[in-house]
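Asks: please work out how this folds:
(2 chains)
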Amino acid sequence: AQTVTQSQPEMSVQEAETVTLSCTYDTSESDYYLFWYKQPPSRQMILVIRQEAYKQQNATENRFSVNFQKAAKSFSLKISDSQLGDAAMYFCAYRSAVRAGNMLTFGGGTRLMVKP
Amino acid sequence: KAGVTQTPRYLIKTRGQQVTLSCSPISGHRSVSWYQQTPGQGLQFLFEYFSETQRNKGNFPGRFSGRQFSNSRSEMNVSTLELGDSALYLCASSLTSLRTAMNTEAFFGQGTRLTVV
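Replies: Just a heads-up that it's a prediction; the model follows:
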């Protein structure tokens, strides 16, 4: 079974600064997808960024980028130029690319606070 | 394009009762997954339905069941409610690539907050 671990229950960042959220995972599969989801107080999970394991290039989406280290099974999220609207719970998630279906395994989440 | 719609948004039930939650996926999406979110256990996968068939199942007791209709709408049922079933229940829909048979990203609804008293 796959596991996803987020070791930082809470993080804070000053507005306009950069913050990195950590995620590690464990799997015996060679092909998989990794995701970062954001859950604001409205509770709706919003996809921030995705990474295919077979791609060596790190994914980027505007101010969001990842550092994917496959050998170390690490998948951190970097948020640049932090904005007040970035304050939310962030979840790292794993999905198999071998097994059919869309079952996501989530980490415990990191609460990000943005200080004005 | 409308997003994933979950109804109701809030629900209060008594121990021992049963409850049915509904999820309407994004138009064209055939995969619907359900998750339970609690402060103690975090986000846990319940089950996934695709083309009216359960494709994956998490580690939950048989009191938790679901189904999917021909229009891809899904319902989740919890029987004999326990206090520990109080949670946010999230539904997610995905579009299956017929060519690769793999799903794209999951799009989530706003959830149903169930309180068992």
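
Asks: now do residue 40, the pLDDT please.
Replies: All of this refers to chain A. Note on residue A:40: pLDDT of 94.

Asks: oops, chain B please
Replies: 89.

Asks: and the one 5 residues further on, by the same measure?
Replies: Residue-level confidence at residue B:45 comes out at 96, pLDDT.

Asks: try residue B:88
Replies: 97.

Asks: same question, the one 5 residues further on
Replies: Reading off the confidence values, residue B:93 has pLDDT 94.

Asks: helix, strand or coil for it?
Replies: strand (DSSP: H, G, I helix; E, B strand; the rest coil).

Asks: quick one, what contacts it?
Replies: Listed by C-beta atoms under 8 Å, 6 or more residues apart in numbering or on different chains, the contact set of residue B:93 reads B:4, B:23, B:25-26, B:29, B:31-33, B:72, B:106-107. Yep, even glycine has a C-beta here, placed from its N, CA and C like the rest.

Asks: ok, now which ones touch the nearest residue to it once chain neighbours are set aside?
Replies: Spatially, and ignoring its direct neighbours in sequence, residue B:93 is nearest to residue B:25 (3.2 Å; C-beta to C-beta, 6 or more residues apart in numbering or on different chains). By C-beta under 8 Å, 6+ apart, the contact set of residue B:25 is B:4, B:31-32, B:72-74, B:91, B:93.

Asks: redo the contacts of residue B:93 as CSV? Include secondary structure.
Replies: Listed next are those as CSV, based on three-state DSSP:
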residue, secondary structure
B:4, coil
B:23, strand
B:25, coil
B:26, coil
B:29, coil
B:31, strand
B:32, strand
B:33, strand
B:72, coil
B:106, coil
B:107, strand
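
Asks: follow-up on the earlier one: state the pair within the contacts of residue B:25 that is farthest apart.
Replies: Comparing all pairs in the contacts of residue B:25 by C-beta to C-beta, the longest separation belongs to B:31 and B:73, at 12.5 Å.

Asks: which one of these two has more residues nearby?
Replies: residue B:31 (25 against 16; other C-beta atoms under 10 Å in any protein chain shown).

Asks: and the strands in the chain, which stretches?
Replies: Since no chain was named, I'll use chain A. All strands of chain A, identified by DSSP state E, fall at A:3-5, A:10-14, A:19-21, A:24-26, A:32-39, A:46-52, A:60-61, A:64-69, A:74-79, A:88-96, A:105-106, A:110-115.

Asks: oops, I was thinking of chain B
Replies: Taking DSSP E as the criterion, chain B carries its strands at B:5-7, B:10-13, B:19-24, B:31-38, B:42-50, B:53-57, B:64-68, B:74-78, B:87-94, B:107-108, B:112-116.

Asks: adding distance to residue A:22, write those out as TSV.
Replies: Shown next, in TSV, are these (distance: least, C-beta to C-beta, whole Å):
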stretch	distance to residue A:22
strand B:5-7	31
strand B:10-13	34
strand B:19-24	32
strand B:31-38	21
strand B:42-50	16
strand B:53-57	28
strand B:64-68	32
strand B:74-78	33
strand B:87-94	24
strand B:107-108	23
strand B:112-116	29
